[in-house]
Every structure is written in structure tokens, then in C-alpha cells.
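S.K.: would you be able to build a 3D model of this:
(chains A, B, C, D, E and F)
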Protein chains: 4
Amino acid sequence: MTAAGERPLPERLLAVATRLFAENGYEGTSVQEIVRAAGVTKGAMYHYFAAKDDLLYEIYHRLLALQTERLRRLAGGAGPAEERLRAAAVDVIETSVAHLDELTVFFRSMHLLPAEKQKAVRAERRRYHECFRALVEEGQREGTFRAGVPADLAVNFFFGAVHQLSTWWHPDGPLDAGAVGEYYVGLFLDGLRKDGGLGEGSG
Amino acid sequence: MTAAGERPLPERLLAVATRLFAENGYEGTSVQEIVRAAGVTKGAMYHYFAAKDDLLYEIYHRLLALQTERLRRLAGGAGPAEERLRAAAVDVIETSVAHLDELTVFFRSMHLLPAEKQKAVRAERRRYHECFRALVEEGQREGTFRAGVPADLAVNFFFGAVHQLSTWWHPDGPLDAGAVGEYYVGLFLDGLRKDGGLGEGSG
Amino acid sequence: MTAAGERPLPERLLAVATRLFAENGYEGTSVQEIVRAAGVTKGAMYHYFAAKDDLLYEIYHRLLALQTERLRRLAGGAGPAEERLRAAAVDVIETSVAHLDELTVFFRSMHLLPAEKQKAVRAERRRYHECFRALVEEGQREGTFRAGVPADLAVNFFFGAVHQLSTWWHPDGPLDAGAVGEYYVGLFLDGLRKDGGLGEGSG
Amino acid sequence: MTAAGERPLPERLLAVATRLFAENGYEGTSVQEIVRAAGVTKGAMYHYFAAKDDLLYEIYHRLLALQTERLRRLAGGAGPAEERLRAAAVDVIETSVAHLDELTVFFRSMHLLPAEKQKAVRAERRRYHECFRALVEEGQREGTFRAGVPADLAVNFFFGAVHQLSTWWHPDGPLDAGAVGEYYVGLFLDGLRKDGGLGEGSG
DNA sequence: TATGAATGAGTTTTCATTCAT
DNA sequence: CATGAATGAAAACTCATTCAT
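M.R.: Predicted structure coming up:
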């Protein structure tokens, strides 16, 4: 079941590359190392990925596609904006923690992507950002969140904190992923909320 | 006055390296490019810096030394913890924005430092973090901030947001540095405050 | 038939490197010069040899493997020890002269090998030395050679002379390789023989 | 008494260089390392030695001058040639062992000297060799040594063994320098002596 | 589909030496 | 006598990528 060839090669290559990039950096990992760790040869890799940076692009692209789809579903639901925003914020933290390597690798190395790929990924990111921002603005219009803070900035504030999670959080540390999510979302929403609120943080 | 040799060479090299690292990444900038931009030869650079990564280390080490010294002064002052924390938070944003290149370069590339330099910088960072955290804890003991949030986590939350500033903020954008600072500090402190707070962030 | 690609590249590279090392020294020969002389690129060389010192190791390792195998065959033959020792001594001189460049290069430059490669080659050398020494000791037990000289030292004495052959002998000189071999072996065996001098070595 | 400046600087530099060259090779030792170990700066070294290879030349030149002078004295004495040759052979081993680093360094690295310095040292060496050879020839004329061996070759044979001493001999080993000298001289002279074996060398 | 030999431009770093002070 | 900043040329080695098979 866990035989060498279990997963399709492209997936295996991406998984291996993600791990190595997270450990040694994108530039610190050679194509040779990737294919060796995946148990194939260079030719095989170049058959599926036109260039090394395709791996980097694909790594983040897939995570972002996943997160975007989930966000769309949560944001489009019913109920007050605050509830939907909370659910979305919790979700983005959960998936981010579940794919911390991917996130780390990308934010460290996106500047190494060739211009057009960088543009593509930025566009995808922007779509995600906009969707999230819309929720904040909805909450502001509803009066739950104070209007004095630009929604854009608030979203950047929150995402900034999330994207840096890997600089300090570790699965073996005292806080599990769920707790971090609750605390972060609490800090974020309480910072936004009009009446402050008694924010319960984690349970 | 602004002749080629105005500033001492080591300073000039660091300034040039910072700019180039910010533009093209640490790995994307060759030593050749650095010395060409500084108008000297490689030998001159290696006379002052034992390795390329010394530049990276020094860039962040100097910023962190500056910020730490300022933090110590602000944290050690009189008045309620909240006021000192606010001042410290505003200050770290101001100096971070004033040295955004340094910050960006470091958080993108610290993983490329050799182990012992990484350790050194982590230790310096930890001292800064501890000092900031102590302020949060003081506020919690005073009853200004709610105790339900681990101070450590709150500091990481805020610093995460700050360290990612360069991914979206630009001096030519609609928000000036001061405004961003006020908004960020407002979001952070309101997220922490016990009674939610009426804090309107920036005026 | 003697086209550029006649021999496999690794062999060609070793041959070229041997010649250049002998002419200009190991340190005085750049990888660039080797590959230029072999008509390939650096990448090609590093495809087969992980480092420049691999060439040096391989050069001597191959010669030593050849000599060891021949020594084993001669030493293991029948007849009195003296005859076998003579044959072995003649053989080591013949093959040494036939591969004088290899020998020269190695004894000049083995100290430049990284520790573990140096250890490896020393171990191989020791095996060769032991086999030769056993022959001397056999001759001493048989009574042909005087027992007053440590066999170890005698072997080092002889090999020292052989390994320095390239400092004075030249194929175009007055003595051909066979003559040198006979003289050297004569000097060595007569020095060892019982009815030789009265000299008991040290007092 | 043993203060830093005890010996004149040139001597100190040569001593330090000899040790470092013996430990790490000539090319593996930088001028920087030499002057650091001697506690001076580069300028000071270049004040006394025009180039790095001057150190190498001087190291061997001084040893050779010493040995030549001693040889002249011993060779020019009275008594049978064999006695004088024995004394000279013992002496060259003693001084060689006493200056093993110098010898090692030179035979490893003379090929790195610029052509004219190489020529100079070869000429000095040849004078030494000639003087030694004359003793052998005298012994052959006197009838003590067999005439069948070219004196030149015999001297090269012996010197080869001596020059390789450092590849196996160590002051802490079981044999002290005097013992090695006696054995080596014994092997050499017995190999030469007429009533030694019947070996007529090559046919 | 996949191999693996080969490319070629590039990297960081080293180092003997010079020269103004 | 001595300093030490600066030079400039070269060194070993790396690596993403290609291509004939």
C-alpha cells in the first residue's frame, strides 16, 4: 500500500520538493536532490515540470486553490458577517497550519519566481484577499465592526500574522493548532469589533 | 561631500547589499553585483566581511540592536503598561517601516544563514521578544489586558503582522507609515484589551 | 581509431590529469586546464569525479591496485624467498618506471588529499608493504638474509629509493629501466644478504 | 628570555613557515597564516622576503648549505674512503632527521618554485651529490666497493631512501634516529661492498 | 516515458602582492 | 621598519537545463 510508487509522480515530486524547500530553502535545494529523494531521475521530473520554479509555483498554487474554494463556500453561506468571517478565519488558520511547509516556502521564496509566474500568483492571492475583505466590509456595514479601520489593512494585518506562523509555532509545542486558531481569531475579531466584546479566545 | 568615498566602505557595502537583496533576493544577488554597485572589488569586500552571509547577518543585527535599545528605553519608562506598550508598538512599526528593506531581506533569507549565525540572531530576537512580552504581561497583571491570551502568542501575532508589512505596504501607497502604525497598534491593543475599548485607532 | 572519443572519458581525464600533475604539480594544475586538455567541459569532469582530489586518489589507487595484484601473484609462487623477493623487487621497479608520472604525482601530493582519502590510500599502501615485508622475513627465517635488520625498515629503505626514482631517472638518459631495476635490486639484496658485509646495522 | 622577539624576525618567519608547510603543504599555507603565526604583519614579511617562494627556497638552501659544509669537512679528511663515506652517510641521515620538516617540505614542493630558483637549488644539490659520489668512486678505485655499480646510481639510491624518511619514520616510533642511521648506512654500504653478494647488477 | 551524460554560465571565495601612510 | 586596505586574477565547484538514445 505504501509502495514506492503509491502516489502519482507529480504529487510525489511536489511533496518531496515542499519538504526539502522548507528544510533547506528553495535555492538551497538542487533539482538533483529532489529527484534523488523522490527516487527518480531528472528526465522524469522535467517530463512533468518544465522548470524548477514550476514546482514552487505549483506548491503554492495548489494550497491557494484549496483555500480559495473553502473560503468561497464559507463566505457565501448564510448568517451574520461576523460568524462567516470567524469561520473563514478559523479555516484559513487550520489549512495554513496543515500546510505550513507550503506556506513557509512560498513566502520565503516567491521573489525568486520569474515575473510572469509571480504575477499569476499575486492575482490568485488578490482574489482570495478580496473575498476575505468583503466579509470585513460587510461586518462594518452591518455595524458589528468599527468603520474606522480600512478593511484592506485589517485583512493584511491578520494574514501577516498567519503567514508568519511558521516562524514560531511548532506542532510539538505547548499550543495545538486549534488553540492557536482560536486565539488568533479572537485577537483579530476583538481588534475589529465595535464594542470590544468579551472575546472568549480559545475555549 | 557626497563623493564616492563619503561613508566608510563597510557601511556603503551594507547599504548597497540591503538594497540589492531587497530587490532581487539574497540568493538572486551575486557578490559581484554588490561590489560593482559599491564601486569596489571583491577583495575589498572580503577584507571587511568574511562571507556573503556576514552581510545578511550584519544587516539584521544592526537593525535589531537599534530596535532593542529603543525598546529598552521605552519599556523602562514610567506610566501604565498600556501606555508604554503602545509607545513601543508604535516605535517598532516606525523603525520597521523606516528599514523595511532590512526587515524583508532578513525574514525572507534568515534560513540561509549558517547554523551558528542563525542561532545568534535568534537569541538576539528572543531578547527583544521577551522584553515586549513583559510589557504585555504587566498589562495583564494590571488588569488592562485580558488574561485569557498567552502573552507570548499575542506578541507573535503582532510581530507577525509587522514583519509582513513589506508584502503589501509601499511608501507611495495611500497610507503613510504613521497611519499604518496607528491602525496596527489599534488593532493589536483593542484585541488585547479587557473591555473591548473605545480605541478608535488612528484619529 | 584514435578519434577524440576513443577511450571512455574518465580514463581520458585521468591520463590527462596525470600528465599535467607531473608537469606542473597538483596545485599548479587547474581543473580548467585538465578539461581543456581533455577537450571537455568542467561539468563533464564533475560528472565523473566529485572533486579534483578524486583524480589524485584514483591515479594512485589504480597503480597500487595493479602493483598489489602482481605482488600477490609473485609472492605466492614457489621457490626460495630470495628468488620471489627478487622477482617482486624487479617487478615493482618495472611497473613504477612504467608509471613514473603516477608515482611522482602521488608522493609529491598525497598530503593534499582530504584526511579520509589519505587514510584509505595509506591502508592500501600498508597492505602492499606488509606483503613485501613478509618476503623479507621469510628470507631471514630461511637464513638467506641477515636477521639483524628489521624487515620493516629494509622495505622502507628500498621503497624510498624506488619512490624517488623520478627525481633523477629519465627514459632518455644513459640507463634504461631494466638496468636501473637490476642495479637497484642488486644493491638492495646485497645489502640484506647474510654473507654480505659484516655490518650488523646499529651497534 | 623566550620573549616574542627572541630570534631575529627572518629566522622566526622561516621556522614558522617550515612548520606550517610541513603540516599543511606549501600551497595549503597562506602568507596570512604564516605572519599570523609569527605574530607580525604581511608588510614585515615582505620586507625580508620578496615572495612566498623565497621562504621555500631559503628553507632548503640553508639546510643544504649546512649539509654541504659538513660533507666537505668529512670527505676531505684522512683515512680509507669507506670510513669517510660511512661518516658522511651517517651525518647526512642525522642532519636530515634533525631537519625532517625542511626536507619533507622541499621534496614535496620544489616543483612549485619558479624556474630560476629551481635551477639554483638543483645546482646546489648537484654539488652535494658530486662530492658524495666522489667518495663512492674513490672506494671503487681502492677496491673496497665493487665497480659494477655506477657510483651515480648508488648515490641516488641511497639519497632516495633518505629523502623518503619522513614518509614512515617518526621520532616517537620504536627506532631512534641513530638506529635508523646505522641500519640505513649498513644496508647501503653492504650493498656496495665487493665481498657482498655476487650480484653483478645488470648483465 | 524515462535516462544520464554533458553543457556553460555562474557562484563564492582565496590569495600573493602592492602601496600610500 | 611596519601597517593594513585594496587589488585583480584565478581557483574549485554547482546547477538548471538539454538532448540523443
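S.K.: next up, the contacts around the most centrally placed residue in chain A.
M.R.: Taking C-alpha atoms, centre = their mean, the centroid of chain A lies closest to A:Ser96, which sits 4.4 Å from it. If a contact means C-beta atoms under 8 Å, 6 or more residues apart in numbering or on different chains, then A:Ser96 has A:Gln67, A:Leu103, A:Val162, A:His163, A:Leu165 as its contacts. All C-beta spots, glycine's among them, are computed from the backbone N, C-alpha and C.
S.K.: can you list the buried residues in the helix or strand containing it?
M.R.: In this assignment (DSSP states H and E), A:Ser96 forms part of helix A:81-98. Applying a neighbour-count criterion of 16 or more other C-beta atoms under 10 Å in any protein chain shown, one finds A:81-82, A:84-97 buried in helix A:81-98.
S.K.: which one of the residues you listed is nearest B:Val35?
M.R.: Using C-beta to C-beta, A:Ser96 comes nearest to B:Val35 of the buried residues of helix A:81-98, at 39.9 Å.
S.K.: next up, the contacts around A:Glu144.
M.R.: Residue A:144: Thr, not Glu. Residues touching A:Thr144, when contacts are defined by C-beta under 8 Å, 6+ apart, comprise A:Pro80, A:Ala81, A:Glu82, A:Arg193, A:Lys194.
S.K.: now it: how far from A:Arg193?
M.R.: For A:Thr144, the distance to A:Arg193 (C-beta to C-beta, to the nearest Å) stands at 7 Å.
S.K.: domain-wise, how is chain A divided?
M.R.: Recorded structural domains for chain A (assignment: automatic domain parsing) are A:1-49, A:52-192.
S.K.: does any part of the shortest one sit near chain B?
M.R.: Right, domain A:1-49. Yes - on the criterion C-beta under 8 Å from any C-beta of the partner chain, domain A:1-49 is in touch with chain B at A:Asn24, A:Gly25, A:Tyr26, A:Glu27, A:Gly28.
S.K.: wait, the second one sits on B:Met110?
M.R.: No - the pair A:Gly25 and B:Met110 does not pass the contact test of C-beta atoms under 8 Å, sitting 10.0 Å apart.
S.K.: got the angle for the longest helix that chain A contains vs helix A:81-98?
M.R.: Within chain A, and with DSSP state H defining each element, the longest helix by residue count is helix A:115-142. Here helix A:115-142 runs at 150 degrees with respect to helix A:81-98, directions being taken by axes from the mean of the first three to the mean of the last three C-alpha atoms, to 10 degrees.
S.K.: C-terminal to helix A:115-142, what's the next element?
M.R.: Helices and strands here follow DSSP H and E; after helix A:115-142, the next one along the chain is helix A:151-163.
S.K.: can you give the distance of that following helix from its chain's centre?
M.R.: Relative to its parent chain, helix A:151-163 has a centroid offset of 12 Å by C-alpha atoms, centre = their mean, to the nearest Å.
S.K.: what helices and strands are in contact with that helix?
M.R.: Counting contacts by 3 or more C-beta pairs under 8 Å, 6 or more residues apart in numbering or on different chains; DSSP states H and E, helix A:151-163 packs against helix A:81-98, helix A:115-142, helix A:177-192, helix B:151-163, helix B:177-192.
S.K.: so which of those helices gets nearest DNA strand E?
M.R.: helix A:115-142 (17.8 Å; C-beta to the nearest atom of the strand).
S.K.: name the helix or strand for the single nearest residue of chain A relative to DNA strand E, please.
M.R.: Closest approach between chain A and DNA strand E, counting by C-beta to the nearest atom of the strand: A:Gly43, at 1.3 Å. For A:Gly43, the host element (DSSP H and E) is helix A:42-48.
S.K.: still on that earlier bit, highest mean neighbour count out of the domains of chain A?
M.R.: Among the domains of chain A, ranked by average contacts under mean count of other C-beta atoms under 10 Å in any protein chain shown, first place goes to domain A:52-192 (a mean of 18).
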